[in-house]
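Chemist: sharing a model prediction with you, sequence too.
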Amino acid sequence: MAANKFSPIDATDLLLEEETPPNWQAGGLWERGDIVVLGFPPSNGKSTLATSAALSVATGKPVWGKFPLETAGRVAYFQGEMGKGKTKRLINRLVRGDDIAAQDLKGRIDLFIRQTAPLNDHQGLADIAGGLKISAAKGQIDLIVFDTLRRFKVGSQNDEEVIGGIIEGCRYLQKTFGDPTIILLHHTSKPGPNPPDDIADLLGGSKEILAQADVVLMNLKRSQDEDVEVMQIIQSKGRESEIPPFEIRFSGRPRGTDQGWRYPLNIKFQTKKEKAAEWEKKQAEVEYELNPKIIAYLESNESFSAGRSEVIHRFSEDFSENTVDTALKAMERAGELQSHKDHGKRVYAINRKSTPNEIF
């Protein structure tokens, strides 16, 4: 008779064991040994976020500039979507944006580019394990990334058994290679301007992920800013405190160019509260610089006034249309300016009832 696979633990013995704190790999976000799912629509920055996280683990820098690591580790990244050229360009942009030298990554990240096999198939899992054994010979693997899940499965992602088989394959790899964290990148449906009533609507038939994964981060809301992705932790088993929805800002691609790959790329974490504080700070800086310029411009006109479009055009080289428009409205609310419509166009004038001290 085969040996029993099941072995019970007495509850009292468990309680008497020394308490161990969470073994955070990315402090507060995921623990070492978690299976983490990044659920994003196609072409919405999944690979960028995952590659950034991999670079953080490899160098010891905080994940997405927010979640700290106690020590640097080693990464095995299975890139099933992009070829060698695109992968190199993406990594190059990220290391330049985060001041990482190429030599800092020596022996820290092993890339398996366009080398794919199904995690839910015995032979496929054996092939993946074979590649990881080569990587593990260089040192302990702390993070494995599969980009994306659809490249590492056989069968439909709408099938619960397929998803279950993938997670089972991941658990096997964790048991075999010292319990590394595994990140699975997963395509979801595109979100609308507001979070859906049922998260499963974005996951489609692959909602089994919610039951199987340890941490699920998803893009639940479309941002009006094309450089921002709104993320929310919708699943985190055993978490003692919640992280509110947060934004990840991709900065580095200049407007009006298709040569973005030439520029450094930086990723910044922001909660709504942090974003509001930053906006208020910038607004105060703009008011300090822009408001006196608007007053001076209006005073240079005989009528001490100018049309809204004229004012916007006057400062278009240094300030966006929205920034100037916001400043004009704020100055009107503060009593520094007054406005009226002239043939359907908004005209702003200095409020002559204000004293110079009130203006400045």
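Modeler: Done, it's in.

Chemist: per-residue confidence at the spatially most central residue of the chain?
Modeler: Centre of the chain computed as the mean C-alpha position; nearest residue by C-alpha atoms, centre = their mean is Ile248, 4.0 Å away. At Ile248, the pLDDT value in this model is 75.

Chemist: same check, this time on the one 4 residues further on
Modeler: You'll see Gly252 listed with a pLDDT of 62.

Chemist: then the one 5 residues further on?
Modeler: We note a pLDDT of 47 for Thr257 in this prediction.

Chemist: pretty sure His340 contacts Val347?
Modeler: Yes: taking contact to mean C-beta atoms under 8 Å, the distance of 5.8 Å between His340 and Val347 places them in contact. In this view, the C-beta of every residue, glycine as well, is placed from N, C-alpha and C.

Chemist: neighbour-wise, which of the two wins?
Modeler: Val347 (18 against 10; other C-beta atoms under 10 Å).

Chemist: beta partners of the more buried one?
Modeler: With beta bridges defined as DSSP bridges, Val347 has these partners: Gly307, His340.

Chemist: which residues does Leu184 contact?
Modeler: With C-beta atoms under 8 Å, 6 or more residues apart in numbering as the criterion, the residues that contact Leu184 are 35-38, 146, 148-149, 166, 170, 213.

Chemist: next, it: secondary structure please.
Modeler: Reduced to three states with DSSP: H, G, I helix; E, B strand; the rest coil, the structure at Leu184 is strand.

Chemist: quick check: it vs Gly344, distance?
Modeler: Distance, Leu184 to Gly344, by C-beta to C-beta, to the nearest Å: 55 Å.

Chemist: specify the local secondary structure of the nearest residue to Ser156 once chain neighbours are set aside.
Modeler: Distances taken as C-beta to C-beta, 6 or more residues apart in numbering put Val162 closest to Ser156, at 6.1 Å, once the chain neighbours are dropped. Secondary structure state of Val162, per three-state DSSP, is helix.

Chemist: report how many residues lie close to Val162.
Modeler: Neighbour count of Val162, defined by other C-beta under 10 Å: 21.

Chemist: OK, contacts around it?
Modeler: Under the criterion of C-beta under 8 Å, 6+ apart, the neighbours of Val162 are 120, 153-156.

Chemist: now with 7 Å?
Modeler: For Val162, the set of contacting residues under the criterion of C-beta atoms under 7 Å, 6 or more residues apart in numbering consists of 120, 153, 155-156.

Chemist: out of those, which comes closest to Lys86?
Modeler: Taking C-beta to C-beta as the measure, Lys86 sits nearest to Lys153 out of the contacts of Val162, at 22.1 Å.

Chemist: got a list of what that closest one touches?
Modeler: Under the criterion of C-beta under 7 Å, 6+ apart, the contact partners of Lys153 comprise 118-120, 162, 166.

Chemist: please redo it, this time with the cut-off set to 8 Å
Modeler: Applying C-beta under 8 Å, 6+ apart, one finds that Lys153 lies in contact with 118-120, 162, 165-166.
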